[in-house]
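Chemist: when you get a sec, could you give me coordinates for this:
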Amino acid sequence: MNPRLHTSFCDLVGVRTPIVQTGMGWVAGPSLVSASANAGALGILASATMDFTQLRESVAEVKSRTDKPFGVNLRADSADVGDRIKLLIDENVRVASFAQAPKQKLIDQLHDAGVLVIPSIGAKRHAEKVLEWGVDAVLVQGGEGGGHTGSVPTSILLPQVVDAVQGRVPVIAAGGFKDGRGLVAALAWGADAIAMGTRFLLTSDSSVPDSVKQIYLGKAVTDTVVSTRVDGVPHRVLRTELVDELESGSGKFTALPKALINAQKFKGMTGLSYKQMWDEGNAMRKAMDLSPVQMIMAANTPMLLKAGLVDGNTESGVLASGQVVGVIDDLPTCQELIDRIMDEADQALRGLVAEGSPHEETA
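Modeler: Numbers count the residues shown, from 1 in each chain. Next comes the predicted model:
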């Protein structure tokens with residue numbers, strides 16, 4: 001492997017390649033995480049859609065499939081986050097990632113046990129804030145990314161964050177990446193790794209039903225939409241009939257009752273009490289400045305995603321997706337994908353300094 005592709009992120013986490021498989025709810029389960037880890041990337045297990053018992057069983061399954069480092073994505077505002085952090089510590093999980101930055105106390109607890117903390121951020125000011133708390137790396141997602149996302153594209157946001165970080169911790173770039181050229185571009189912007197969600201969803205190791213994968217493969221780069229009608233906050237998803245209905249407002253009178261029903265279903269799946277759900281929702285409302293109605297809609301999201309990504313029911317579910325979906329046309333294994341990305345990156349780097357290139361310096 002080209003030595004320039006072995007970055008500080010690789011050394012920090014203990015992985016072979018500067019690639020992260022993101023913790024996508026309902027998608028990043030033990031099979032995908034272990035396959036990513038065995039292929040040389042950092043696989044991240046999604047725990048927000050699991051109850052505590054499921055998380056414990058999933059961590060054990062990943063460890064039975066790989067001896068490579070992996071991470072677990074946590075919600076800092078979950079009612080049982082303390083128990084989940086203790087599990088990570090007891091099981092020697094290498095990385096705790098967070099969609100929203102955890103409080104200083106949780107970071108210190110993880111650090112005392114040798115667990116790395118990597119929050120996702122969407123703005124320069126967020127990077128500056130979490131650096132003060134002592135995180136080990138930051139994952140910055142540009143607007144092209146799937147799921148909850150911002151409005152600033154990666155090409156603008158990433159250099160801003162790199163400049164703010166000033167080399168103090170590795171920066172992981174997310175939003176619009178799928179190949180080796182993208183990896184080299186991210187490194188040129190100053191990142192130390194790339195993170196991919198949609199690209200890993202569209203692998204043969206992903207548990208998403210094949211019928212749903214074919215829907216993804218048939219989409220163009222213009223076939224996603226950032227909607228606030230799914231859960232009250234900007235959420236990039238595939239454009240479907242359901243999403244078009246929500247966007248048009250024709251379903252506004254039924255959206256709230258459906259959200260309440262789905263929240264009840266999610267309660268039954270996760271084993272959370274009404275108080276725990278209320279505490280989590282209230283924490284989300286305060287952190288994201290949501291109205292009470294938006295808070296209820298946010299509780300609806302896991303079940304809408306499950307309907308599409310697990311049950312394959314795209315008529316009543318939503319499909320989170322980055323814009324990069326429009327330039328993906330195959331379903332490789334994680335090993336094939338990562339090997340291909342690293343080969344493409346090596347070729348791209350060699351092309352930049354090829355003998356006789358006008359870019360090459362001469363004496």
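
Chemist: okay, now R125: neighbour count?
Modeler: Residues near R125, counting by other C-beta atoms under 10 Å, number 12. All C-beta atoms are positioned from the backbone trio N, CA, C, and that covers glycine.

Chemist: so who does the residue lying closest to V152 once chain neighbours are set aside touch?
Modeler: The shortest distance from V152 to any non-neighbouring residue, by C-beta to C-beta, 6 or more residues apart in numbering, is to G143 (5.6 Å). By C-beta atoms under 8 Å, 6 or more residues apart in numbering, the residues touching G143 are T149, G150, S151, V152, P153, T154, L157, G175, V226, R236.

Chemist: ok, those residues vs L246, which is closest?
Modeler: V226 (12.4 Å; C-beta to C-beta).

Chemist: you'd agree the closest one is up against R236?
Modeler: Yes. Between V226 and R236 there is a contact at 4.9 Å, judged by C-beta atoms under 8 Å.

Chemist: quick one: which of the two has more around it?
Modeler: Of the pair V226 and R236, R236 is the one with more neighbours under other C-beta under 10 Å, namely 24 against 17.

Chemist: contacting residues around that one?
Modeler: Neighbours of R236 in contact, by C-beta under 8 Å, 6+ apart: 143-147, 149, 224-227, 320-323.

Chemist: closest one to S204 out of those residues, please.
Modeler: Checking the contacts of R236 one by one against S204 (C-beta to C-beta), the nearest turns out to be S321, at 18.0 Å.

Chemist: so what's the residue count around that closest one?
Modeler: 26.

Chemist: try the one 5 residues further on
Modeler: Neighbour count for G326, taken as other C-beta under 10 Å: 18.

Chemist: still on that earlier bit, need the contacts of G143 in JSON lines with pLDDT and distance to R56, can you?
Modeler: Compiled in JSON lines, those are given as follows (pLDDT from 0 to 100; distance: C-beta to C-beta, whole Å):
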{"residue": "T149", "pLDDT": "92", "distance to R56": "30"}
{"residue": "G150", "pLDDT": "91", "distance to R56": "33"}
{"residue": "S151", "pLDDT": "92", "distance to R56": "38"}
{"residue": "V152", "pLDDT": "96", "distance to R56": "37"}
{"residue": "P153", "pLDDT": "97", "distance to R56": "39"}
{"residue": "T154", "pLDDT": "97", "distance to R56": "35"}
{"residue": "L157", "pLDDT": "97", "distance to R56": "36"}
{"residue": "G175", "pLDDT": "98", "distance to R56": "31"}
{"residue": "V226", "pLDDT": "95", "distance to R56": "35"}
{"residue": "R236", "pLDDT": "96", "distance to R56": "31"}
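
Chemist: most neighbours among those, which one?
Modeler: Busiest of these [other C-beta under 10 Å] is G175, holding 29 neighbours.

Chemist: roughly how far apart are that one and K129?
Modeler: 20 Å (C-beta to C-beta, to the nearest Å).

Chemist: and stretch 88-96, average pLDDT?
Modeler: Stretch 88-96 shows a mean pLDDT of 98.

Chemist: now it: buried residues?
Modeler: Residues L88, I89, V93, R94, V95, A96 are the ones in stretch 88-96 that count as buried (16 or more other C-beta atoms under 10 Å).
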